[in-house]
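1. let me see the structure of the following:
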Amino acid sequence: MFDQINKRPFYRKQHLIAPLLEERLQYLHRLKDRGRSLHTIKAAANYLLRIIELLHLDAKRTVPNKEIEVAANAWARYQYNHPQKRQSFSDNSKEHFIRHAFEWLKLIGCLEQPDKNVVLLHKIFGRRHALKRHATAPFLEERIKYLQYWDENGATDAHLRLTAQYLLRIIDHLDLLHKNVVTIDDVEKVANKWARYRSTNPQKRKNYSDYAKKRFISHACNWLKMFGYLKLPIEKPQPFSVYLDEYINHIRHELGYSEVTVCARIHLLKNFLGLLSSKTQDFKKITILTIDEILLSKKNSNKYSRRSMQSYTSVIRAFFRYAEQKKWCTGLVNAIKIARTYKHEALPYSPSWDEVKKIVASTEGDKPTNVRDRAILLLLSVYGLRRTEVATLTLDNIDWQKEQIQLSRAKSGKPQTFPLSAVVGEAILRYIKDVRPNNVVYRNIFICRKAPLHPLGASAITAIVSTRWKPLDVKIKHHGAHALRHACATHLINEGVTLKEISNHLGHSDLETTRIYAKVDLVNLRKVADFDMEDLL
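-> Numbering: from 1, shown residues only. Sure, this is the predicted structure:
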C-alpha cells in the first residue's frame, strides 16, 4: 500500500515505523475498496500519522470525543517553520483531521462510546457538526426524553431530526434559560414571530407558513408540558358538575348505555349547563322560561336541523326527568316540548352501487395509504359496518382458519359473526403484511400512518371516506362513512334480500329501522312505476 502512495523511501519509512501499522493499513484498504483515489488515500495516511502524534497513540487505547476536538484544534493552529507552509488557522484541515480520526478510531474500536443520553442523537444525525450542536445545547436530558418518546412511537429519523431542530428553536425564541415557566400565550406570540421570519438566504423560505407555526406550537406545548415548564390556564369548573356526574354515572352503570352514547351526552349536557349557568347559579331556581330561551337561541342560530333539535331536547328532557326523580327540581320535564318531526321525513340517501365501486377503485395501487383505505372501504361497504366498528376491529376479531370476522356491535354490544369475503380478506391481509406498523402494542387493525402511532379513531375513518368521495363528485348530502352503510343496505334490497336478513346483517335491533331502506329502493320502485296498467284503466 505504502509503495503505491509514496515513491520516496524517506516518507515511506515514516509510515512503516509509526505505531499501529496494521490498524492504519486496515483503514487505508477500506478507503481503496470504496473507490478513493491514490491522492485521497495518501492524504489520509498522512493524517493518520498526525492523529497518532497529537493523540499520543503509542498503543491502542480508548480515546474520548473531547480529546479528538482538542487535538484537531491544535493541528489546525499548528505553525510550520518552513516559509512555504501555511501559517494560519485552517478550518478545512481541522474538518479532515476530525473526520479521519473518528472513522479510523471507530473502525479499530478505540473510540469512546457516546453517552447513553446522546445515543439517539448519533442515530439521527450523521454530520458531526449537527451532532455537536444538539449534544451541547441546553436542556439536553429533557430534549432526549422527548425525542425518545417520538422514537418509541414510530417516528422516522427524518421526523426526529426535524423535531430536534424545532426544540432548539423553541429554546432560543422562548429564552428558556431565563424563564421558569411559559404560558400558552407566550408560545403563540413567539410562534407567530418565528413563522413570519424572513431569512436573508435566498434558498430559505420567505413566506408565512401556517403549518410551521402549528407545528412549532404543538412541539413547544407538548415538550414544555412534559417537564412542567408550561403554565396551563386554569380551567373553569363545570357548572352543576355534581348533578351531571351523578346522571352520567346513572346512564353508564345502571342503564348500561354504550360509551359512545355516554360521551355524546356528556358533550351536549356540558354545553347546555354552561349556557344555563350564565342565567342562574341555583339549580333549584331553574324555570321553564330559562330552558325555552336557550332552546330558542339554538333553533334561531340556523345551525341545528329539526332532527338535531329533537335529539338535543330529548337529552335535556331525559336529564331533567332524572333530576326530578332525585328531587333536584320539579315541574320541568312535562313543560319541555320536543321539536316535532315526521316519520321518515329524512330518508337515507345513499350512493349507487356503481359509485361505491368507483370509490373502492380509487384505492388501487401500491401506495400505503391506498392499501389501508381499500381495506377500510371494503369493510364499510360489504358488511355495512359503522365507522366505530371498523375503528375498534382488532387482530383477534379475524379467524383466518375459519375465514370469519367476529365483532361486537357498537350500539347493542351484541356479538356478530360474518363470513370473511375473499376480496375483503385479501385487502386486510395485504394491509397487515405490507403497511401496518409492526412496532406497536395496539391490537387494533388500523393504525395511523404518522407518529405517534395509535389506532385510527371513528372521526379518522370518516375523514378517509370523505376525502375519497370528493374527487368523484358524487351527489349525496353526506360524504361520511355512514353513506357506505346506507349503500350496502340499499344494494341488498335491490338484490332481493329479505328485510329480516338485511336487519341481521346490519345489526339492527328493530326491523322498522331496516324498513326505511325499502322506501329508497329506487330500482324496484321504478319497476312499479313502469308497470303497464293499460288494461286496468
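2. low-confidence stretches in the stretch 401-537 of the chain?
-> For the stretch 401-537 of the chain, the stretches with pLDDT under 70 are 510-537.
3. and if we set it to 50?
-> For the stretch 401-537 of the chain, the stretches with pLDDT under 50 are 522-537.
4. tell me where it has strands.
-> In order along the chain, the stretch 401-537 of the chain carries the following strands (DSSP state E, counting those that start in this stretch): 404-408, 415-419.
5. can you add distance to residue 141 and mean neighbour count and give these back as a markdown table?
-> Every C-beta, even on glycine, is put in place using the N, C-alpha and C of the backbone. A markdown table is the format used below for these (distance: least, Cβ to Cβ, whole Å; neighbours: other Cβ atoms under 10 Å):
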| stretch | distance to residue 141 | mean neighbour count |
| --- | --- | --- |
| strand 404-408 | 44 | 17 |
| strand 415-419 | 49 | 14 |
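6. which one of those strands lies nearest to residue 49?
-> Closest of the strands of the stretch 401-537 of the chain to residue 49 is strand 404-408, at 69.8 Å (criterion: Cβ to Cβ).
7. elements contacting the closest one?
-> Applying 3 or more Cβ pairs under 8 Å, 6 or more residues apart in numbering; DSSP states H and E, one finds that strand 404-408 contacts strand 398-399, strand 415-419.
8. and it, how far out from the chain middle?
-> 27 Å (Cα atoms, centre = their mean, to the nearest Å).
9. quick check: angle from it to strand 415-419?
-> On the basis of axes from the mean of the first three to the mean of the last three Cα atoms, to 10 degrees, strand 404-408 is oriented at 160 degrees to strand 415-419.
10. and the contacts of strand 404-408?
-> Strand 404-408 is touched from outside by 383, 385, 389, 392-393, 397-399, 414-420, with contacts defined as Cβ atoms under 8 Å, 6 or more residues apart in numbering.
11. now do stretch 311-326
-> With Cβ under 8 Å, 6+ apart, stretch 311-326 has contacts from 243, 246-247, 250, 265, 268-269, 272, 283, 291, 295, 298, 304, 329-333, 336-339.
12. cool, and stretch 25-45?
-> Against stretch 25-45 from outside (Cβ under 8 Å, 6+ apart): 1-2, 4-6, 15, 24, 48, 96, 100, 103-104, 107-108.
13. let's see 7 Å
-> Stretch 25-45 has contacts (Cβ atoms under 7 Å, 6 or more residues apart in numbering) with 1, 4-5, 15, 24, 48, 100, 104, 107-108.
14. and that stretch, C-alpha only, in CSV?
-> What follows is stretch 25-45, C-alpha atoms only, in CSV (Å, rounded to 0.1, in the frame of the first residue of the first chain):
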residue,chain,number,x,y,z
LEU,A,25,-3.4,-0.3,6.7
GLN,A,26,-6.9,-1.7,7.5
TYR,A,27,-8.3,1.9,7.2
LEU,A,28,-6.4,2.7,4.0
HIS,A,29,-7.5,-0.6,2.3
ARG,A,30,-11.1,0.3,3.3
LEU,A,31,-10.7,3.6,1.5
LYS,A,32,-9.3,1.9,-1.5
ASP,A,33,-12.3,-0.6,-1.6
ARG,A,34,-14.6,2.4,-1.6
GLY,A,35,-13.0,3.7,-4.8
ARG,A,36,-11.0,6.5,-3.3
SER,A,37,-8.1,7.9,-5.5
LEU,A,38,-4.5,7.4,-4.6
HIS,A,39,-4.2,11.1,-3.8
THR,A,40,-7.0,10.8,-1.2
ILE,A,41,-5.5,7.7,0.3
LYS,A,42,-2.1,9.4,0.5
ALA,A,43,-3.6,12.4,2.3
ALA,A,44,-5.5,10.0,4.7
ALA,A,45,-2.2,8.2,5.5
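15. buried sites along that stretch?
-> By 16 or more other Cβ atoms under 10 Å, the buried positions in stretch 25-45 come out as 27-28, 31-32, 41-45.
16. gap between the two ends of stretch 275-293?
-> Length of stretch 275-293, first residue to last, Cα to Cα, to the nearest Å: 10 Å.
17. one step back: quick one: which of the helices and strands packed on strand 404-408 is nearest residue 165?
-> strand 398-399 (41.4 Å).
18. returning to that earlier point: how about the buried residues of stretch 25-45 in JSON lines, adding secondary structure and distance to residue 460?
-> Putting the buried residues of stretch 25-45 into JSON lines (DSSP: H, G, I helix; E, B strand; the rest coil; distance: Cβ to Cβ, whole Å) gives the following:
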{"residue": "27", "secondary structure": "helix", "distance to residue 460": "52"}
{"residue": "28", "secondary structure": "helix", "distance to residue 460": "55"}
{"residue": "31", "secondary structure": "helix", "distance to residue 460": "51"}
{"residue": "32", "secondary structure": "helix", "distance to residue 460": "53"}
{"residue": "41", "secondary structure": "helix", "distance to residue 460": "55"}
{"residue": "42", "secondary structure": "helix", "distance to residue 460": "59"}
{"residue": "43", "secondary structure": "helix", "distance to residue 460": "56"}
{"residue": "44", "secondary structure": "helix", "distance to residue 460": "53"}
{"residue": "45", "secondary structure": "helix", "distance to residue 460": "58"}
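19. the residue nearest to residue 159 when sequence neighbours are not counted: neighbouring residues, count only.
-> Once flanking residues are discounted, residue 159 sits nearest to residue 451: 6.1 Å by Cβ to Cβ, 6 or more residues apart in numbering. Number of residues near residue 451 (other Cβ atoms under 10 Å) recorded here: 18.
20. who's in contact with residue 451?
-> With Cβ under 7 Å, 6+ apart, residue 451 has these contacts: 150, 153-155, 159.
21. ok, residue 238 next?
-> Applying Cβ under 7 Å, 6+ apart, we find residue 238 in contact with 244, 270.
22. out of the contacts of stretch 311-326, which end up buried?
-> Taking 16+ other Cβ under 10 Å as the criterion, what is buried in the contacts of stretch 311-326 is 243, 247, 265, 268-269, 272, 283, 291, 295, 298, 304, 329, 332-333, 336, 339.
23. nearest to residue 479, of those residues?
-> residue 304 (20.1 Å).
24. list the contacts of the closest residue to that closest one other than its chain neighbours.
-> In space, and not counting its chain neighbours, residue 304 is closest to residue 298: 5.6 Å by Cβ to Cβ, 6+ apart. Counting by Cβ under 7 Å, 6+ apart, residue 298 touches 304, 309, 312.
25. quick check, nearest of the contacts of stretch 25-45 to residue 468?
-> residue 107 (51.8 Å).
26. please give me every residue in contact with residue 109.
-> For residue 109, no residue meets the contact criterion (Cβ under 7 Å, 6+ apart).
27. could you verify that it is part of a strand?
-> No - with DSSP: H, G, I helix; E, B strand; the rest coil as the criterion, residue 109 is assigned coil and is not in a strand.
28. and it, what's its pLDDT?
-> The score at residue 109 is 84. That number is its pLDDT.
29. distance check, it against residue 28.
-> 17 Å (Cβ to Cβ, to the nearest Å).
30. repeat for residue 43
-> Distance from residue 43 to residue 28, by Cβ to Cβ: 11 Å.
31. kindly report the same for residue 351.
-> As judged by Cβ to Cβ, residue 351 and residue 28 stand 69 Å apart.
32. re the thing from before, in a markdown table, list the contacts of residue 451 along with neighbour count, secondary structure and pLDDT.
-> Converted to a markdown table, these look like this (neighbours: other Cβ atoms under 10 Å; DSSP: H, G, I helix; E, B strand; the rest coil; pLDDT from 0 to 100):
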| residue | neighbour count | secondary structure | pLDDT |
| --- | --- | --- | --- |
| 150 | 19 | helix | 90 |
| 153 | 15 | coil | 85 |
| 154 | 19 | coil | 82 |
| 155 | 20 | coil | 86 |
| 159 | 16 | helix | 90 |
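33. between which two of those is the distance greatest?
-> Counting by Cβ to Cβ, the most remote pair of those is 153 and 159, 10.2 Å apart.
34. before we move on, the earlier item: which of the strands of the stretch 401-537 of the chain sits closest to residue 463?
-> strand 404-408 (21.7 Å).
35. and the strands in the stretch 151-300 of the chain?
-> Under DSSP E, counting those that start in this stretch, the stretch 151-300 of the chain gives strands at 182-183, 230-231.
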